[in-house]
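**Q** Here is a sequence together with a model predicted from it:
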Amino acid sequence: MKHGGEGAPGLLVVVAGGRAPAKVWLREIARQKKICCADRGAQYCLEAGLSPALLVGDCDSAAKEIYAKAESLGAQIFLHPPAKDDTDLQLLLKKMPPGNVVATGIFGGRFDHLFSNVYSLLAFKKERGCSVALADEQEFLLLLDAGEKVEISLQDNKAAQAVSLLPLSAECRVSIGGVRWPLTNALLTQARPYAISNEPLTGAFTGECLEGSVGLYISWRK
């Protein structure tokens, strides 16, 4: 899959502590890129044979040995007490260098973690003016703000289980083409998030956010 930020210089890989991405997938996405981890995300990296450059967390979901190993491989460590206001991911985002972001280890697990992660990354995108995608081998969510348009290329469109547009602001206006049910300048609201379970017709489709903020979501067939 290709999207606006994935080929850009300075792409950063963020690994959080949600569902572990497949090791092969993680190695491929992180090749020759700077890896920044939130707590247990460092464990996922080390298990995949990768070395984090930055590790931020409170050591409550990753053993101290993980922090020690990451530090021995050259990672910059910022350790915080478990009793704190910000989440590990929020603390990590404050330390991030400039660049577009692919964040993994986001999906799965508790919904409150997922909710916090999505909106924390959306706020980070708005503050930095960068591209942000949340991804693993099962799910993909590209965050789009007003004026952003993207073309998504799929290796196999039949492998896509669903394509959805999720309103991340109270209201947003969107367009989507190359799918079974196209939309043009359509109003989506959080009170009626109806634009889900669409289907790509070919190996490429387009999505656009005209107003507000939207998440372009894809899930893959297992």
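**A** Noted; the coordinates are in hand.

**Q** From now on I want contacts and neighbour counts done on CA atoms only, so please keep to that.
**A** Noted.

**Q** tell me which element Glu127 is part of?
**A** helix 111-128 (DSSP states H and E).

**Q** which of the residues in stretch 39-47 are buried?
**A** Neighbour-count burial for stretch 39-47, counted by 16 or more other C-alpha atoms under 10 Å, picks out Asp39, Arg40, Gly41, Ala42, Gln43, Tyr44, Cys45, Leu46.

**Q** rewinding a little: so what's the gap between whatever helix or strand comes next after the helix holding Glu127 and the chain middle?
**A** Sequence order places strand 132-135 as the next helix or strand after helix 111-128, per DSSP H and E. Computed by C-alpha atoms, centre = their mean, to the nearest Å, the chain-centroid distance of strand 132-135 equals 2 Å.

**Q** Alpha carbons of strand 132-135, as CSV, please.
**A** C-alpha atoms of strand 132-135 as CSV (Å, rounded to 0.1, in the frame of the first residue of the first chain):
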residue,chain,number,x,y,z
VAL,A,132,0.1,10.2,10.4
ALA,A,133,-1.0,6.7,9.7
LEU,A,134,-1.9,3.9,12.3
ALA,A,135,-1.2,0.5,10.9
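
**Q** got the buried residues for the helix holding Glu127?
**A** Using 16+ other C-alpha under 10 Å as the test for burial, helix 111-128 gives His113, Leu114, Asn117, Val118, Leu121, Leu122, Phe124, Lys125.

**Q** Next, the contact list for the residue most central in space within the chain, please.
**A** Taking C-alpha atoms, centre = their mean, the centroid of the chain lies closest to Leu134, which sits 1.4 Å from it. Taking C-alpha atoms under 8 Å, 6 or more residues apart in numbering as the contact definition, Leu134 lies against Val102, Ala103, Thr104, Ile106, Phe140, Leu141, Leu142.
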